[in-house]
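Q: okay, structure incoming, though there's no sequence with it:
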C-alpha cells in the first residue's frame, strides 16, 4: 500500500487503484418486512481486499471467486454417454475441484484428480499463507489443462479408488509418480480410512455386490488395530495396575474393535484416543511415511502417557455414562423427529468404511440428525451410497440417499 494514497497499491513499480464499491441488498426482518442493508467493500485488479494494516493491503485471489460455471459442469457430466464424452466435459475445466472416478459397461475405469488449478510461475513458492503482491512473480496466470493433472486409466492392477486422499496411491499396484507433476499438487499422508479401502481392494481376488455392501457398512477401526496391541502389552507390564486401568484394559481387550451399535468398548476407545492425542499429538512411534504407505503409521509413541489417558478415559466415561462398557449405540443415536435409533459408524480419522460423525445434544448423547429445537441437523458422513454392478443386458444398481432431500 501507499501510505500517502490509501486508494492505491504499488505493483511492479506502478500505482494501481483500489476501487470502492457499495452493495445494497434487501434483508427480511423479524416482522416479515424488508429493509435495505448497505455494505461497502474495496477491490483491486488482483481481487477483493480482505484486510488492511498501516502499510499493507491484503487481497484474495481465488478460483472459486472468479469461476461461476461449476454446476454447469455437473449438469453436463450427468448427460455423458461414453468415456470420451466424460473426459471432454472435464477437459473444459468447468468444475473447480473434486476427485473423479469413472466406470462403464465396457469395462473402462478411470481416476482423475480434478481441479481448476492455477498455473504458478514459481512452482516451489509456499502459498500456505500470504505472498507478496507487489510483483508478478507470485501471480498465477491461467489454469492447468486436464492432461497436466494426475490420472489413471484402465490400470493393470484392475482397480481405482479415492477416499479424499492424495492421488499418488489411487492403486497400490499402479502408483502415480508425484515427480511428474507440479509440486503444488496435493501432498500429504495416506489416511487410515484410505488404507482400509486400499487393503480391501488390493487383497480381494474378486468382490461380489454382497461383499461390497458388507465392506461399505463395516465400522471396524484401523486405529484400534494399530494401537491396541501395544497398549495391552504396556498394561501387562504394570506391576500394580489400578482398578480403573484393569477395567479399561479388560473392556478394550474384549471389544470387537468396531463402532457398531452393540459394540462395548468403542465409547471408551473414542475418549481414550482424544485424551491421548491431546497429551501426545503424534500418537504413533513410527509416523506415516510415503515409502511405506501401508505399513505406517505403527506403534505406540508413549506408553506411560497412553496408560494415563486410558485411566482418565475410564473415569470420564463412568461419570458421563455410568459404565465404561456402555454400548456405542446407546450413546450415539440417529434421531429424526419421532425416530430415535442406535447409531453406528465413526469419523474417518479412525480408519473406517462407515463414516458418520455426531453432534452433542444437551443430555450428553451424540446425535446424527435432530439435536434440538431450532437447531440445524447435526453430524455428517455417508451422504449418498451408490453401488453399480455392470451386469448385462441390464445394469443393476443400489443406492441410499442417507440424508434425504
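A: That came in fine, so what should we check first? No experiment lies behind these values; they were computed from the predicted model shown.

Q: give me the secondary structure label for the closest residue to residue 257 other than its chain neighbours.
A: Closest residue in space to residue 257, ignoring its immediate chain neighbours: residue 224 at 4.3 Å, by CB to CB, 6 or more residues apart in numbering. For every residue, glycine as well, the C-beta is placed using N, CA and C. Following DSSP: H, G, I helix; E, B strand; the rest coil, residue 224 is assigned to helix.

Q: got the contact list for residue 224?
A: Applying CB atoms under 8 Å, 6 or more residues apart in numbering to residue 224 gives the contacts 255, 257, 269, 350.

Q: give the buried subset of those as a ChimeraX selection command.
A: Those of the contacts of residue 224 that count as buried under 16 or more other CB atoms under 10 Å are selected in ChimeraX with:
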select :255,257,269,350
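
Q: can you tell me which of the contacts of residue 224 are in helices?
A: In helices, judged by DSSP state H, the following of the contacts of residue 224 are found: residue 269.

Q: farthest pair in the contacts of residue 224?
A: 255 and 350 (13.0 Å; CB to CB).

Q: the helices in this structure, which residues?
A: Under DSSP H, the chain gives helices at 63-66, 70-77, 83-91, 192-203, 209-216, 222-236, 243-254, 266-279, 303-321, 328-331.

Q: can you redo the ones you listed as JSON lines with distance to residue 23 and mean pLDDT?
A: Formatted as JSON lines, these follow (distance: least, CB to CB, whole Å; pLDDT from 0 to 100):
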{"stretch": "helix 63-66", "distance to residue 23": "15", "mean pLDDT": "80"}
{"stretch": "helix 70-77", "distance to residue 23": "22", "mean pLDDT": "93"}
{"stretch": "helix 83-91", "distance to residue 23": "34", "mean pLDDT": "97"}
{"stretch": "helix 192-203", "distance to residue 23": "42", "mean pLDDT": "96"}
{"stretch": "helix 209-216", "distance to residue 23": "46", "mean pLDDT": "95"}
{"stretch": "helix 222-236", "distance to residue 23": "47", "mean pLDDT": "97"}
{"stretch": "helix 243-254", "distance to residue 23": "57", "mean pLDDT": "98"}
{"stretch": "helix 266-279", "distance to residue 23": "43", "mean pLDDT": "98"}
{"stretch": "helix 303-321", "distance to residue 23": "48", "mean pLDDT": "97"}
{"stretch": "helix 328-331", "distance to residue 23": "47", "mean pLDDT": "98"}
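
Q: out of the ones you listed, which is closest to residue 339?
A: helix 328-331 (13.9 Å).

Q: which of the residues in that closest one are buried?
A: By neighbour count on 16+ other CB under 10 Å, the buried set for helix 328-331 is 328-331.

Q: same question, stretch 367-375
A: By 16+ other CB under 10 Å, the buried positions in stretch 367-375 come out as 367-371.

Q: which helices and strands does the helix or strand of the chain with the lowest mean pLDDT pack with?
A: One helix or strand of the chain scores below all others by mean pLDDT, DSSP states H and E: helix 63-66, with a mean of 80. Helices and strands touching helix 63-66, as assessed by 3 or more CB pairs under 8 Å, 6 or more residues apart in numbering; DSSP states H and E, are absent.
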